[in-house]
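# Dropping the sequence and predicted coords here.
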Amino acid sequence: MLNRRKFIRSSTLSSAAMFFGKSLLANSNGGLLKNNPIVISTWAPNVKANAEAWKILGANGRALDAVESGVQIPEADPNDQSVGYGGLPDRDGKVTLDASIMDEFGNCGAVAFLENIVHPIKVARLVMEKTPHVFLVGEGALQFALENGFKQENLLTPQSEKAWKEWLKTSKYDPMTIPKLLEKQNQPGQQNNHDTIGMLALDATGNLSGACTTSGMAYKLRGRVGDSPIVGAGLFVDNEIGAATSTGVGEEVIRICGSHTVVEMMRHGYSPEEACKKTCERIIKKRGEKAKDVQVGFIALNNKGEFGGYAIQKGFTYAVQSKAGVKVYSSKSFY
């Protein structure tokens, strides 16, 4: 017998589908069936991170373990100047890291303004699992990490130090022009064309999890924290609906609780891509002409395995791996 809850949910989805004039199961990226594992992450270079996550997902492992393992690849890569070891420093030459993680039960953990620890995502998971808290920052986060066996390491690589010293010649802080400056300084093997890794996964049991980790905006004011470690802004997971994560100028994402907004859009019947688009449009509406000077991108994955992404500016990419293989998508954008 169809119970009342399932009947109401079914009726609501059917009505929404008729209202929007399209099937809610449709996805321009060819969404996958529920219980078919899939991992999606921000930016094309993170196919390597997806491959690491897939080692767990492909063996019917838990989505939480997959995303934690996957994002550690860029965290430990000295050639990735946007995440972890090798990340670009703040204006004082200090590398500070932010990360968050969230599982299928709504459990979450985060760290911010963490120095000298290569894998902030592992510390974030310990915050989730070993403390009654969600968020630890700065010296407290470092103390917690050291108490749990982590070792301090210098995160500022020669390449990132060189880029910072070059920036000091003008000390101009502009989130949109800094990447262009880095391109001119780029050495073979370095990856400056993206920032942050946000990763979402659906495992074989139909459960979702997500992780987000970054070294933050290059040459930021000391103490600045973006959206990545803020649950609801840089990352949000609701196992009944879907998950979302973001990349780009975190201040704009925080202002609208971006990833939570994407998930709520999916709750109201939008496909993952449509939900990301609507959330970008909310930033643009709120910020007006200022939105033309910033980049924000979202990716989303619902509990049916459908996925999508959207950005304010062109150039945002995301990587997907499933049983169907590996693929990189260039997202649609408002501008």
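Yep, it's here.
# Tell me where the stretch 1-150 of the chain is predicted with low confidence.
Counting by pLDDT under 70, the stretch 1-150 of the chain has low-confidence residues at 1-35.
# If we use 50, what do you get?
Under the criterion of pLDDT under 50, the regions of the stretch 1-150 of the chain flagged as low confidence span 1-33.
# Now do the helices in it.
Taking DSSP state H, counting those that start in this stretch to define them, one finds helices in the stretch 1-150 of the chain at 4-20, 47-57, 63-75, 120-130, 138-147.
# So which of the ones you listed has the densest surroundings on average?
helix 63-75 (a mean of 27; mean count of other CB atoms under 10 Å). Any C-beta I mention is one placed from the backbone N, CA and C, and that applies to glycine too.
# Of all residues in the chain, which one is nearest the centre?
G198 (2.0 Å; CA atoms, centre = their mean).
# Am I right that that residue falls within a strand?
Yes - assessed with DSSP: H, G, I helix; E, B strand; the rest coil, G198 lies in a strand.
# Beta-bridge partners for it, please?
Beta-bridge pairing for G198 (DSSP bridges): C212.
# coming back round to it: tell me which of the helices of the stretch 1-150 of the chain approaches K220 most closely.
Nearest to K220, of all those, is helix 138-147, at 14.4 Å by CB to CB.
# and the helix or strand that that closest one is followed by, average pLDDT?
The element immediately downstream of helix 138-147 (helix or strand, assigned by DSSP states H and E) is helix 158-168. In this model, helix 158-168 carries a mean pLDDT of 95.
# Just list the residues touching E68, thanks.
By CB atoms under 8 Å, 6 or more residues apart in numbering, the contact list for E68 reads 101, 121-122, 125, 211.
# hang on, I meant V326
47, 50-51, 319-320.
# JSON lines please, covering those residues and showing distance to L57.
JSON lines is the format used below for the contacts of V326 (distance: CB to CB, whole Å):
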{"residue": "V47", "distance to L57": "14"}
{"residue": "N50", "distance to L57": "9"}
{"residue": "A51", "distance to L57": "10"}
{"residue": "A319", "distance to L57": "14"}
{"residue": "V320", "distance to L57": "12"}
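# can I assume K55 is in contact with S69?
Yes - with contact taken as CB atoms under 8 Å, K55 and S69 are classed as touching, separated by 7.3 Å.
# all helices of the stretch 201-335 of the chain, in order?
Counting by DSSP H, counting those that start in this stretch, the stretch 201-335 of the chain forms helices over residues 250-255, 258-267, 272-287, given from the N-terminal end onward.
# ranking those helices by burial, who's on top?
Looking across these with neighbours counted as mean count of other CB under 10 Å, the highest average goes to helix 258-267: a mean of 25.
# returning to what we had before: ok, of the contacts of E68, which one's closest to S171?
Out of the contacts of E68, the one with the shortest distance to S171 is I121. That distance is 30.9 Å, counting by CB to CB.
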